[in-house]
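Asker: below is the sequence, then the predicted model.
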Amino acid sequence: MQRSQSGFLGSISGTAAIEFALITPLIVLLFAGVVEIGRIYQVYNAVNRLASQVALVYADCSDRPTGTCQTEASNFMTSQFVNNIVPQITVSSLSFKVFQVTMSGTTPTVVYSAPVGGTLSAGQTSAAQAVLPSGQSGVIVAVSYTHTLQFFPTVMSSYLSSALTASYIAVQLKS
């Protein structure tokens, strides 16, 4: 009995099995973390692209007949539109606001908003003041997306929670 215990404890293959059993979960968790960080970066890039694309398209909208731009702004929020630009985003996790504003000094006045009745946040107002000169019309697009983790969400969310909401504000002069 004594001999078999010392044989197992001194065995190289037994030590390797124990080391493998201890290290494998850490390596899998590390690999999953790298994949999730890559997915988060992809989401940030997609949100940026979506906001910029919508701002460019909406800035070219001619409001003849009246209400055309309002209808177009509402169409930007459809799942078909979003999926054409950024198919990796889940539309149900997306918050989307489009504003057409006119600058009066440093104060943006909302002409159209989608969804209807939206108001500008402090960040959107600051972005408009930084880009749009007085007397000009412009477009402000705010996109926010809440990313969901695929691998080990319970464990990973404590480490990556601050990076799970991607937001971007795009401002474009109206032509």
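Answerer: Now that the structure is in, tell me what you want to look at.

Asker: buried ones in stretch 136-144?
Answerer: In terms of neighbour count (16 or more other C-beta atoms under 10 Å), stretch 136-144 has its buried residues at 137-144. Heads up, the C-betas are built off the backbone N, CA and C, glycines and all.

Asker: find the nearest non-adjacent residue to Ser167, please.
Answerer: What sits nearest to Ser167 in space, not counting adjacent residues and going by C-beta to C-beta, 6 or more residues apart in numbering, is Ser144, at 4.4 Å.

Asker: isn't the one you found up against Ala166?
Answerer: Yes - shown here, Ser144 and Ala166 form a contact pair, counting by C-beta atoms under 8 Å, at 7.1 Å.

Asker: give the residues shared as contacts by these two.
Answerer: Counting by C-beta atoms under 8 Å, 6 or more residues apart in numbering, the shared contacts of Ser144 and Ala166 are Val47.

Asker: may I have stretch 17-27 as PDB, with CA atoms only?
Answerer: Taking Å, rounded to 0.1, in the frame of the first residue of the first chain, the C-alpha atoms of stretch 17-27 are listed here in PDB:
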ATOM      1  CA  ALA A  17      -2.500  15.400 -15.500                       C
ATOM      2  CA  ILE A  18      -2.900  17.500 -12.400                       C
ATOM      3  CA  GLU A  19      -1.200  20.500 -14.000                       C
ATOM      4  CA  PHE A  20      -3.300  20.200 -17.100                       C
ATOM      5  CA  ALA A  21      -6.500  20.000 -15.000                       C
ATOM      6  CA  LEU A  22      -5.600  23.200 -13.200                       C
ATOM      7  CA  ILE A  23      -4.300  25.200 -16.100                       C
ATOM      8  CA  THR A  24      -6.900  24.300 -18.800                       C
ATOM      9  CA  PRO A  25      -9.900  26.300 -17.300                       C
ATOM     10  CA  LEU A  26      -7.700  29.400 -17.000                       C
ATOM     11  CA  ILE A  27      -6.500  29.000 -20.700                       C
END
